[in-house]
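Chemist: Any chance you can model this:
(3 chains)
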Amino acid sequence: MSNVFDDIPFFDEEPEQRRASEPAAPPAAGGLGIAARAMAARDQNRAAPDYLSGLNPEQREAVETVDGPVLVLAGAGTGKTRVLTTRIAHILATGRAFPSQILAVTFTNKAAREMKERIGVLVGGAVEGMPWLGTFHSIGVKLLRRHAELAGLRSDFTILDTDDVIRLIKQLIQAEGLDDKRWPARQFAGMIDNWKNKGLTPKDIPEGDARAFANGKGRELYRAYQDRLKTLNACDFGDLLLHPIAIFRDHPDILKEYHAKFRYILVDEYQDTNTAQYMWLRLLAQRPKGVPQNVCCVGDDDQSIYGWRGAEVDNILRFEKDFLGARVIKLERNYRSTEHILGAAGHLIAHNEGRLGKTLFTDRSDPDDEKVQVHAAWDSEEEARAVGEEIERLQRGDADGKKHALNDMAILVRASFQMREFEDRFVTLGLNYRVVGGPRFYERLEIRDAMAYFRLVCQPADDLAFERIVNTPKRGLGDTTVRTLHDYARARDVPMLAAASEIIETDELKPKARKALFDVIQSFRNWQERLEKTPHIELAEQILEESGYTDMWKNDKSAEAPGRLENLKELIRSMEAFESMRGFLEHVSLVMDAEQNEDLDAVSIMTLHSAKGLEFDTVFLPGWEEGLFPHQRALDEGGRSGLEEERRLAYVGITRAKRRCHIWFVSNRRIHGLWQSTMPSRFLDELPAHHVDVAASESNYGGYGGRGGYGQSRFDKADPFANTYSTPGWKRAQANQTNATRDNWGTRSGHAVERIGYGENGPRGRTIEGELVAKSVAETPSQFTLGDRVFHIKFGNGNIAAIEGNKLTIDFDKAGQKRVLEGFVERV
DNA sequence: GTGTCATACGTTTTT
DNA sequence: CGTATGACAC
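Modeler: Residues are numbered from 1 along each chain as shown, chains lettered A, B, ... in the order given. Next up, the predicted model:
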C-alpha cells in the first residue's frame, strides 16, 4: 500500500503539507495523527485489536467488512453508533485511509459530535483529523465554499435560516403585486423546502405545483427567489445540498477528485435520507464498474419517522439495487430493553407491511421485569396527575425499593400541546422537568438581532440582516425610509448598506433620516475596520454597546428584558470557543441548538420525534387515542403509509424504554378548546397480551372504579350519580378478564395465548393473534340497542344512532354526534 | 412607534 | 380554549 495515495488530490491543508514532506501513506507510528494512534493501538495486539473485543459477531462483521457496499440494518438499541465508530477506527487502524479520506455523514450535529467523541475514545485523544465527519449540511457548506463560484456565489456566502427566508419571500410576493395574506410566505417557504428536498430546481417542479401557488406564478416565484439569493450572495439550507449536486453533475472532473479523495463513505440514519441527500450520496459513492464502492449505510426502516418532511424509506429498501453486491447485515441483538418491552414493540411493528423485517431479541430475562403497562384515565388532567404520581413513587422508591433519578424518566408525547398539561401539573407538584427540543436559543429575538449585527459586519451584502437591525434600536429609520432605500438598492443592484452610502449623498431622504443613516454607515465602517484587528469577542461586545442595542434592553422595563440581556451575555460567552467571528457565524447558522443543563435532576418532556436515538429507564407514553395517535391528519393525508409512519413512531416510543414503559389513554381530551370524547388508539389493540398489563388499580379506569379516595376524579365530585354510574363498562370489563388477557374496555378478546412470536410474522402475516384486545367489533353483543336514550357525563343526554361492538355513536341533544365507548354512558 | 383589538388557526422538525 | 399574528388607532 506504499504509493496508492500518490495520485490522490488532497484538499485539506493538513494532509497537503504532509504530502509534501512525508511519504504518502499514513505514518506508521509516532505521528500525531489519529491514524497513527489507531495503528499503534492495533499493533499492541495484532491478533484481536482492542477495539474489536466486546462486539458480537454481527457487529464485528459490520465493522470488518470494510470493502464494498454494506447496509447495516440496526434495530433500536443494537449498538449502531458503536459499529459506526468502531468501523472508522478499524479503517484507520488498518491503514486503509487517512482520516481526511473518510466521509461520514449524520443528520444532526448532536450525532456528529457524539461520533467524534466516541472515535476519540477508541483511538485515543481528540479527533481533529476527521474533517469530513459531519451533517449533510455542514459537509455541503464545506464543499460549496470551495466551489462557490460554480454556483454563482462567492465563497463567503451567508446561510439564511427559515426566518430570513420567510421575510425574503414575503418581499418577493409583495413585489409581484400579490396579496401576501392570500399567499402566505410561510406556506411558499414550505413548498420550496419540499421541492428542494426532492432535488427539484425551478425548471423541474411539476406543473401542478407551479400552478397551485400565487395564481400560477409558483415557478416564477421560485425562480425569483433563487435569483434573489444569488444577488444576496446567500443560500438556504436546501441549497447546501442542491448546489453541490449541480456542481458534481456539471463538472465530472471535480466529482472525480472527490471520488479519489473519499475512499470510505459512511452514512448514519439512512432511513431518513431524502431524495436530494440520496442524489448527493449516489454521486459521491457510485463508482465506475470495477472500482470498489466502499459505502456503508446504517439505518432502521422501522424507525423512519420523517416521511412527512421528505425522507424516503425507499432509499434503504433499494440499497441492494443501487449498490450491487452489497452485503446486508442485520443487528438484532438488543442491549437496551427488557424482553417485555421488545416483545410489545416487535408485535406492534409487525403490523406494518413492506418492512425489511427485523426481530429484536435479548438474552436478558428477569422474572422481575415489568410488563408494559397500559393505563386509562378519564381526561388529560387526570392523566397528568397519575403520571406525576407514578414519577414521584419511582423517585421515592416505593415501587421496588430503589430510588429512581428523574433524569432516567421521560414523557414522550405525540404533539407538543400535550406537554402543557404535564408542565402545569409538575409545577404544582414542584417536580423538576425539562422540555427538550422547544424554542431554541438561537431563535430568540435578541439573539437573532445581535447575530444580524455580526452578520452585517462580516458580510456587508447581507440585506436581510441590514433590514432587521437598521432601525433596532429605534433610530427614526421607519418603514418609508427603509422602503426608499430598498428600492434604490434594487434599482442599482447593489446591497443596501452600499446603497445607503450613496443615497445619503443625494436628497432623496429627509435630513433627519439622512443623518441617522449616516451614523449607521459610520458605525459599520468602524466595526468592519476592527474586524481583523480586534479579538472577536471584544468586537462583539463593542458592537452591541456602540449600536445602543444593549442599552435598548437596559431601558426596557418589561419582565423579559433582564433575561434577554442575560442571553446576550451567554451569546458572547459562547463565542469564546471560536477563533473568529466568521467561524462563529458559520457554526450558528448550522448548529441551532445550545446545550441543556445536565446537572439538574429532571424528568424530560419531549415529542416522540425528538426522542429518537435516546433511551430512558422509564418511559411514559400518554395520549394513545385515535385522532391524536395515530394523528388524524397523518391518516387523512397519508393514508396507509401515514398510519404506518405513526406506528413506527409508536415503535420508537416503546423502544426508548430500558426497563419500564407506561402507556396512557384518556376518554376525554380538549381539542381546539372543546371537550372531545376519544377512542383508545388502535395501537393498543396491536400490543401482545403476553407482554402487557392493563393497570387497573391506581387510576380506577379514569375514576370509574371508585375504589378508595385515591382515584377520585372530578367526575366523582361533579356527578351525584357517580357511584351507580361507575358500574357498566368497567365492571363488565373486569368480569370478562381472562387469566392471560386482561381486557380493558369491556370487549372480550378471548385470545389468551400469544401464538406467534413477535416479529416472526412475515411482511404479509396480518393475522396476528394474541393481541391485547380484539379489534373494534366486540364478540359480546352490546347491552344497548339503537335508539336507546342514554346519559354521558360530559355530553349529557342523547340517543344511540349506531352501534359497533362496544363503540356507540350517539346524537347528543346539546353536544351533537359523538362516538363514545359504551362504558361511559348509562341508559336513562 | 406602541399598544390594543380582531381574527385565524390549531402534528411531527433538522439543517 | 389559547396563542400568534396582523390591522388599526392613538
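
Chemist: make it CA atoms for all contacts and neighbour counts henceforth
Modeler: OK.

Chemist: Look through chain A and state the residue closest to DNA strand C.
Modeler: The nearest approach of chain A to DNA strand C comes at A:G673, 3.1 Å away (Cα to the nearest atom of the strand).

Chemist: Now whichever residue of the stretch 1-150 of chain A sits closest to DNA strand B: phi and psi?
Modeler: Across the stretch 1-150 of chain A, no residue is closer to DNA strand B than A:T108, which sits at 3.3 Å (Cα to the nearest atom of the strand). Main-chain torsions, A:T108, degrees, to the nearest 10: phi -120, psi 160.

Chemist: what number of residues lie near it?
Modeler: By the measure other Cα atoms under 10 Å, the count of residues near A:T108 is 18.

Chemist: In this structure A:A695 contacts A:E370, no?
Modeler: No: applying Cα atoms under 8 Å as the test, A:A695 and A:E370 come out as separate, 11.5 Å apart.

Chemist: The closest residue to DNA strand B within the stretch 651-800 of chain A and A:F417, how far apart?
Modeler: When scored by Cα to the nearest atom of the strand, the stretch 651-800 of chain A has A:H672 as its residue closest to DNA strand B, at 4.0 Å. Noted for A:H672: a distance of 10 Å to A:F417, by Cα to Cα, to the nearest Å.

Chemist: what about the two, which has more around it?
Modeler: Per other Cα under 10 Å, whichever of A:H672 and A:F417 has more neighbours is A:F417, with 11 against 7.

Chemist: tell me the centre residue of chain A?
Modeler: Nearest to the geometric centre of chain A sits A:S610, at 4.8 Å (Cα atoms, centre = their mean).

Chemist: How about it: what's its closest non-neighbour residue?
Modeler: A:G437 (6.7 Å; Cα to Cα, 6 or more residues apart in numbering).

Chemist: hmm, back to that, isn't the residue of the stretch 1-150 of chain A closest to DNA strand B right next to A:T135, touching?
Modeler: Yes: using Cα under 8 Å, A:T108 makes contact with A:T135 at a distance of 5.9 Å.

Chemist: distance between the ends of stretch A:178-190?
Modeler: One end of stretch A:178-190 sits 18 Å from the other (Cα to Cα).

Chemist: List the contacts of that stretch.
Modeler: Contacting residues not belonging to stretch A:178-190 are listed as A:T162, A:V165, A:I166, A:R167, A:I169, A:K170, A:I173, A:Q174, A:F213, A:A214 [Cα atoms under 8 Å, 6 or more residues apart in numbering].

Chemist: which of these come close to DNA strand B?
Modeler: A:T162 (Cα under 7 Å from any atom of the strand).

Chemist: Poorly predicted segments of the stretch 101-250 of chain A, please.
Modeler: The model of the stretch 101-250 of chain A has pLDDT under 70 over residues A:125-129.

Chemist: which stretches of it form strands?
Modeler: A:102-106, A:133-135, A:158-159, A:234-235 (DSSP state E, counting those that start in this stretch).

Chemist: In TSV: these, plus mean neighbour count and distance to DNA strand C.
Modeler: Written out in TSV, the entries for the strands of the stretch 101-250 of chain A read as follows (neighbours: other Cα atoms under 10 Å; distance: least, Cα to the nearest atom of the strand, whole Å):
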stretch	mean neighbour count	distance to DNA strand C
strand A:102-106	24	30
strand A:133-135	23	28
strand A:158-159	22	21
strand A:234-235	21	23
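
Chemist: Switch these over to TSV; also include distance to A:S677.
Modeler: Compiled in TSV, the strands of the stretch 101-250 of chain A are given as follows (distance: least, Cα to Cα, whole Å):
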stretch	distance to A:S677
strand A:102-106	42
strand A:133-135	43
strand A:158-159	46
strand A:234-235	47
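
Chemist: out of those strands, which comes closest to A:F454?
Modeler: strand A:158-159 (11.8 Å; Cα to Cα).

Chemist: From A:R514, how far out is the residue of chain A most remote from its centre?
Modeler: Residue farthest from the centre of chain A, counting by Cα atoms, centre = their mean, is A:D507 at 51.7 Å. Look at A:D507 and A:R514: by Cα to Cα, they are 8 Å apart.

Chemist: pretty sure A:Y549 is in contact with A:P473, am I right?
Modeler: Yes: counting by Cα under 8 Å, A:Y549 touches A:P473, with 5.8 Å between them.

Chemist: out of these two, which sits in the more crowded spot?
Modeler: Remark: of A:Y549 and A:P473, A:Y549 carries more neighbours, 20 against 16, as counted by other Cα under 10 Å.

Chemist: Enumerate every residue touching that one.
Modeler: So A:Y549 contacts A:T472, A:P473 (Cα under 8 Å, 6+ apart).

Chemist: swap the cut-off to 7 Å and go again
Modeler: A:P473 (Cα atoms under 7 Å, 6 or more residues apart in numbering).

Chemist: And for A:D164?
Modeler: Going by Cα under 7 Å, 6+ apart, A:D164 touches A:L464.

Chemist: Check the spacing between it and A:R468 real quick.
Modeler: Distance from A:D164 to A:R468, counting by Cα to Cα: 9 Å.

Chemist: for A:A260, same thing?
Modeler: Counting by Cα to Cα, the gap from A:A260 to A:R468 is 44 Å.

Chemist: For A:E570, grab the count of nearby residues.
Modeler: Using other Cα under 10 Å: A:E570 sits among 13 other residues.
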